[in-house]
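A.B. asks: how would this look folded up:
(one chain, ligands or ions: 1)
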Amino acid sequence: MYTRETERNKTKMPSQRMTKSSCFDVVLLVVERNSENDDKYAPGCPRNQERCDDGPRNKQPVGPCWFCLSNVDAEKHLVVAIGTHCYAAMPKGPLTEDHVMVLSVGHIQSQVAAPVEVRDEIEKFKNAFTLMANKQGKALVTFERNFRTQHLQVQMVMVDKSSTKALKSSFTSAAACAGFELVTMGPDENLLDMVNEGCPYFVAELPDGSKLFTRNMKGFPLQFGREVLASTPILDCEDKVDWKSCVLAKEEETELVNKLKADFKPFDFTADDDSD
Ligand SMILES: [Zn+2]
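C.D. replies: Sure, this is the predicted structure:
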């Protein structure tokens, strides 16, 4: 059902010190490695601008993309739920025990590049995880960084309701420290009106429905979303800003994902439209 063109690349692994079982790690390492390279470019380097104009969207990556569901086999234990167009999975090095990310099943660059049915299903996941958060007395924050990434991924993190007051100022002051401004979009403002397809951007959605947005990616810290949420006023787990510092053993991951699946079950709309 989810077989894609990338399926045939499954056995073609890039050669450097990797096994199929560490594919999620590999993607993230690749992203990290890219980011290290990016840091060599001065802010305002034309390299950043080029990305607004870099040809067809959703083009297949050169190597296998390990976020495409057809390539997720080896890390299937991280998958929480599979919908028609999107799936939810626990990221490597989660910030909290209920940190999930929602990804497109097929290869799509970002929410802005995604067709309406994909964006609708991301909203469905968002609503379902919001209900799950509510049940636990928490609130849901989501963010997407479409910058130095190749596959759509929306992070969804539950925070204590008591910390939601501090969210907006935490995001905006962290942005100011990093030298860029986050614009507040109204609850009815659409991401698609803010940015052209193919342009890099960062967007966070707060529990009140407001969105904080920037497309100024000069010097943008790649861990920005994690950094803000891990800060003392929010989750207070600054040791987890870097996902690599909190990667769990496979057994722990499996245990957490099983708990996530059980907690998500009452809200899991994907069970209704299981066509298999
Ligand atoms: Zn992909």
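A.B. asks: Which parts of the stretch 1-150 of the chain are helices?
C.D. replies: Applying DSSP state H, counting those that start in this stretch to the stretch 1-150 of the chain gives helices spanning 23-38, 46-50, 116-135.
A.B. asks: which one is residue 268 nearest to, not counting chain neighbours?
C.D. replies: residue 81 (5.5 Å; C-beta to C-beta, 6 or more residues apart in numbering). Quick note: C-beta positions are derived from backbone N, CA and C, even for glycine.
A.B. asks: I'd like the distance between the one you found and residue 90.
C.D. replies: 11 Å (C-beta to C-beta, to the nearest Å).
A.B. asks: and the two? which has more neighbours close in?
C.D. replies: Between residue 81 and residue 90, residue 90 has the larger neighbour count (other C-beta atoms under 10 Å), namely 25 against 22.
A.B. asks: hang on, residue 132 packs against residue 263?
C.D. replies: Yes. Counting by C-beta atoms under 8 Å, residue 263 is a contact partner of residue 132 at 5.9 Å.
A.B. asks: Looking at those two, which is more packed in?
C.D. replies: More crowded of residue 132 and residue 263, by other C-beta under 10 Å: residue 132, with 22 against 18.
A.B. asks: Flag every residue of the stretch 51-200 of the chain that's near the ion.
C.D. replies: Remark: the part of the stretch 51-200 of the chain in contact with the ion comprises 65, 67-68, 107, 151, using C-beta under 5 Å from the ion.
A.B. asks: Using a markdown table, lay out these together with neighbour count.
C.D. replies: Converted to a markdown table, those look like this (neighbours: other C-beta atoms under 10 Å):
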| residue | neighbour count |
| --- | --- |
| 65 | 19 |
| 67 | 26 |
| 68 | 24 |
| 107 | 21 |
| 151 | 19 |
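A.B. asks: mind listing what residue 137 touches?
C.D. replies: Neighbour list for residue 137: 160-161 [criterion: C-beta atoms under 8 Å, 6 or more residues apart in numbering].
A.B. asks: In this protein, which residue sits nearest the ion?
C.D. replies: At 3.1 Å from the ion, residue 65 is the closest residue in the chain, using C-beta to the ion.
A.B. asks: Would you mind measuring the gap between the ends of stretch 238-251?
C.D. replies: 24 Å (C-alpha to C-alpha, to the nearest Å).
A.B. asks: quick one, phi psi at residue 180?
C.D. replies: Torsion angles at residue 180 (phi, psi; degrees, to the nearest 10) stand at phi -140, psi 170.
A.B. asks: try residue 239
C.D. replies: Dihedral angles for residue 239 - degrees, to the nearest 10 - are phi -70, psi -10.
A.B. asks: which SS state does the closest residue to it other than its chain neighbours fall under?
C.D. replies: Excluding its sequence neighbours, the residue lying closest to residue 239 (C-beta to C-beta, 6+ apart) is residue 245, at 6.2 Å. For residue 245, the assignment made with DSSP: H, G, I helix; E, B strand; the rest coil gives helix.
A.B. asks: Near residue 245, how many other residues are there?
C.D. replies: Using other C-beta under 10 Å, residue 245 is surrounded by 9 other residues.
A.B. asks: again, but for residue 236
C.D. replies: Residue 236 has 12 nearby residues by other C-beta under 10 Å.
A.B. asks: now it: how far from residue 95?
C.D. replies: Taking C-beta to C-beta, one finds residue 236 at 11 Å from residue 95.
A.B. asks: Now do the shared contacts for those two.
C.D. replies: With C-beta under 8 Å, 6+ apart as the test, residue 236 and residue 95 both reach residue 230.
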